[in-house]
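**Student:** Sequence and predicted structure below; questions after.
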Amino acid sequence: MYLRSTTAKSARFGAQTTDEQGIAVLLLVVTLGLVAVAVIYFIAADSYSVNVPEVTARQQKYLAQAVQKLNRYYRANAWALSQGSTFPVSSKSLLTQADIIPEYNVQVCISNRKTFGTYQIPYYDIWIYTPSRGGGNEPTCSDGNFVANGAQASTLYSGEEAQSALLSNTENQLNRLGTLLVQGAAAAVQGGASHDEDVDYFLSQQCSPNGSGNIACAGSWSDTSGAGLSSLIGSAAAFEINAWGQPIQYSNESPNADDAQPPYTISLRTELPGGQYLQETFDQPDS
């Protein structure tokens, strides 16, 4: 009688069972891996959503401090920065010279030359910004124009702020100097023996027989430094240079007491960035 062997069949069955188990394990591993990736992605996304406002706030604080440093730097160097038709310092050098430590991949965009006011004083706008964190268009700086697009943080510093403050300081200087000279002349007039209206207290006797005091002759514009203005106003050291560090000048010979009737005058002027002059004339008070 012929007997059929079941050994081979059992072996084949066992092999199939092992393969199926392996596939099941593999599927389980893949599934767990996908779940792990999903969990990690969720955690990362959640962390990103929490950290973005915090990071942005830190960057905005950093940029605000950078603007303060830019203002100090611009005011200290405003005259040099006003020379020429383009900003004379590179973006990288500007950060270094302004003592701004580069962080957050900070970038700089500098405008073309601009002017403001009656005297057409030049200045530049300076944008500082941090690039996009992704998912948006990068900021652009083209031909002196800045577009923030997807910048993480950005801010503008305008050199007009520094230039306006320096102009105001210089206007105050000239007004104050003129006022002191007028007050000094008034005191001299009242203190004179004859109160003679033909005495020019803005002019030295070395310039004119009718002059009085020690202010040097200046038929053309001359620097106030060493001019003898202290004979009328006391210390004149604060009135030798303007807020940009440029000389303050005076003229006191045209007209004078020899060839004109009072009031006699003294004129003051000083150069501004851009080449124009701030100028004022003050009259000697009546006797």
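**Tutor:** Arrived safely. The model shown is predicted, which means the values in this text are computed figures rather than measured ones. Numbers count the residues shown, from 1 in each chain.

**Student:** Partner strands of the helix or strand hosting Trp127, with direction?
**Tutor:** Per DSSP states H and E, Trp127 falls inside strand 125-130. Strand 125-130 has its sheet partners listed here by DSSP bridges as strand 107-110 (antiparallel), strand 153-158 (antiparallel).

**Student:** okay, the ones you listed in TSV with mean pLDDT and mean neighbour count next?
**Tutor:** All C-beta atoms are positioned from the backbone trio N, CA, C, and that covers glycine. Formatted as TSV, the strands paired with strand 125-130 follow (pLDDT from 0 to 100; neighbours: other Cβ atoms under 10 Å):
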stretch	mean pLDDT	mean neighbour count
strand 107-110	97	20
strand 153-158	96	20
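
**Student:** With distance to Gln276 added, can I get these in JSON lines?
**Tutor:** JSON lines is the format used below for the strands paired with strand 125-130 (distance: least, Cβ to Cβ, whole Å):
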{"stretch": "strand 107-110", "distance to Gln276": "24"}
{"stretch": "strand 153-158", "distance to Gln276": "20"}
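
**Student:** Out of these, the one nearest Gln65 is which?
**Tutor:** Taking Cβ to Cβ, strand 153-158 is the member of the strands paired with strand 125-130 nearest to Gln65, at 10.4 Å.

**Student:** Now tell me what touches that closest one from outside.
**Tutor:** For strand 153-158, the external contacting residues (Cβ atoms under 8 Å, 6 or more residues apart in numbering) are 56, 59-60, 63-64, 66-67, 70-71, 74, 104, 123, 125-130, 139, 146, 148.

**Student:** and the helix or strand that that strand is followed by with strand 153-158, angle?
**Tutor:** Sequence order places helix 159-191 as the next helix or strand after strand 153-158, per DSSP H and E. Helix 159-191 runs at 30 degrees relative to strand 153-158, counting by axes from the mean of the first three to the mean of the last three Cα atoms, to 10 degrees.

**Student:** residues near Val121, how many?
**Tutor:** Check again: residue 121 is Ile, not Val. 23 (other Cβ atoms under 10 Å).

**Student:** Next, give phi and psi for Tyr277.
**Tutor:** Note on Tyr277: its backbone torsions stand at phi -120, psi 140 [degrees, to the nearest 10].

**Student:** what are the ranges of the strands in the protein?
**Tutor:** 107-110, 114-116, 121-123, 125-130, 140-142, 145-147, 153-158, 222-223, 248-251, 265-271, 277-283 (DSSP state E).

**Student:** could I get these as CSV with distance to Ser164?
**Tutor:** Below are these laid out as CSV (distance: least, Cβ to Cβ, whole Å):
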stretch, distance to Ser164
strand 107-110, 19
strand 114-116, 8
strand 121-123, 8
strand 125-130, 14
strand 140-142, 25
strand 145-147, 21
strand 153-158, 9
strand 222-223, 26
strand 248-251, 19
strand 265-271, 16
strand 277-283, 14
